[in-house]
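# coordinates only, sequence not included:
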């Protein structure tokens with residue numbers, strides 16, 4: 001009888017714990033572990049606060065001395081000397097090749113409130129050593145429109161079911177969502193969400209999917225057929241209100257990137 005009582009107590013405890021986790025908004029996000037061998041163009045951006053460096057967002061290698069990310073994570077008040085990137089490592093805040101940032105350029109049309117033109121170029125002090133785990137991304141041609149319901153891949157170190165970040169790079173396969181439909185869902189999801197700007201795209205799993213980006217994934221890449229087509233533009237207010245993610249539409253900024261990259 002003691003065994004049955006103990007077993008019942010354990011089961012009840014496990015169920016209660018699982019329910020509490022779900023209610024707390026701790027959801028699995030991002031699919032499965034990956035590596036920089038699969039995504040050699042992704043890097044980590046780190047900021048120095050109080051003498052300590054910590055991860056703030058993802059970014060993507062454009063050239064040996066330039067990476068691209070989203071501007072919402074880079075305040076104009078942050079001095080370039082307090083920024084660095086970590087390339088060639090699948091591990092969160094560990095390993096790889098570290099290079100300090102020389103300067104950065106936020107797109108002049110960036111509007112933080114609605115996320116339009118959410119893109120920034122970071123120029124590095126020294127060149128990145130190209131290898132099988134450090135390579136520039138193939139950038140989508142200017143003006144190319146990403147079709148609806150097309151398979152795309154996202155990667156990052158964002159939240160998982162068990163932690164506010166992943167210790168290793170994660171990847172997920174999601175699908176592009178019609179711009180107007182995505183905009184409608186964001187506006188309907190919660191107060192404070194605005195309509196999707198034209199220079200954004202949307203991806204995720206409609207109606208119940210759990211593969212999507214969240215906090216700490218900002219600036220990370222969205223790939224289609226091996227090309228960089230999007231950058232995670234913002235973390236949502238929480239990671240349970242909508243299984244869709246907004247991305248900066250890279251094809252709207254291809255010419256700007258090429259003309260300003262070092």
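Good, I have the coordinates. Since we're looking at a predicted model, the values are computed, not measured.
# Make sure residue 147 is actually in contact with residue 177.
No: using CB atoms under 8 Å, residue 147 makes no contact with residue 177, being 11.1 Å away. Bear in mind the C-beta positions are built from the backbone N, C-alpha and C, glycine included.
# since we're on residue 187, how many residues are nearby?
The number of residues packed near residue 187 is 14, by other CB atoms under 10 Å.
# Neighbour count: residue 147 and residue 177, which is higher?
Ranked by neighbour count (other CB under 10 Å), residue 147 and residue 177 place residue 177 first, with 23 against 9.
# okay, now the domains of this structure?
Split into domains by automatic domain parsing, the chain comes to 42-136+255-260, 138-251.
# Could I get the full set of strands for the stretch 1-150 of the chain?
32-33, 42-49, 52-63, 66-69, 83-87, 97-106, 120-124, 138-139 (DSSP state E, counting those that start in this stretch).
# possible to save those strands as a markdown table with mean neighbour count, mean pLDDT and distance to residue 233?
Compiled in a markdown table, those are given as follows (neighbours: other CB atoms under 10 Å; pLDDT from 0 to 100; distance: least, CB to CB, whole Å):
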| stretch | mean neighbour count | mean pLDDT | distance to residue 233 |
| --- | --- | --- | --- |
| strand 32-33 | 10 | 88 | 23 |
| strand 42-49 | 22 | 97 | 15 |
| strand 52-63 | 20 | 96 | 11 |
| strand 66-69 | 26 | 98 | 10 |
| strand 83-87 | 22 | 98 | 19 |
| strand 97-106 | 17 | 98 | 13 |
| strand 120-124 | 23 | 98 | 11 |
| strand 138-139 | 16 | 97 | 17 |
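# For residue 187, find the nearest of these.
With CB to CB as the criterion, residue 187 lies closest to strand 52-63 of the strands of the stretch 1-150 of the chain, at 25.1 Å.
# That closest one vs strand 83-87, what angle?
With axes from the mean of the first three to the mean of the last three CA atoms, to 10 degrees applied, the angle from strand 52-63 to strand 83-87 works out at 60 degrees.
# hang on, isn't residue 224 packed against residue 141?
No: applying CB under 8 Å, one finds residue 224 not in contact with residue 141, separated by 11.8 Å.
# Name the residue in these two with the higher neighbour count.
Counted by other CB under 10 Å, residue 224 and residue 141 do not tie: residue 224 has more neighbours, with 20 against 11.
# who's in contact with that one?
Listed by CB atoms under 8 Å, 6 or more residues apart in numbering, the contact set of residue 224 reads 140, 146, 150, 151, 152, 153, 176.
# Sketch out the low-pLDDT regions of the stretch 151-262 of the chain for me.
159-164, 190-192, 207-216, 234-242 (pLDDT under 70).
# Do a quick rundown of the strands in it.
For the stretch 151-262 of the chain, strands defined by DSSP E, counting those that start in this stretch occupy the ranges 151-156, 170-177, 200-204, 221-224, 227-232, 244-249.
# which outside residues touch stretch 44-51?
Stretch 44-51 is contacted by residues 53-59, 67, 69, 73-74, 78, 82-87, 89, 92-93, 96, 122, 157, 219 when judged by CB under 8 Å, 6+ apart.
# now stretch 117-125
45, 59, 62, 65-72, 74, 83, 85, 99-111, 197, 199-200, 231, 233-234, 248, 253, 256-257, 260-262.
# Can you get me a residue count around residue 78?
16.
# From residue 70, how far out is it?
14 Å (CB to CB, to the nearest Å).
# Ok, residue 44 next?
Computed as CB to CB, the residue 44 to residue 70 distance reads 14 Å.
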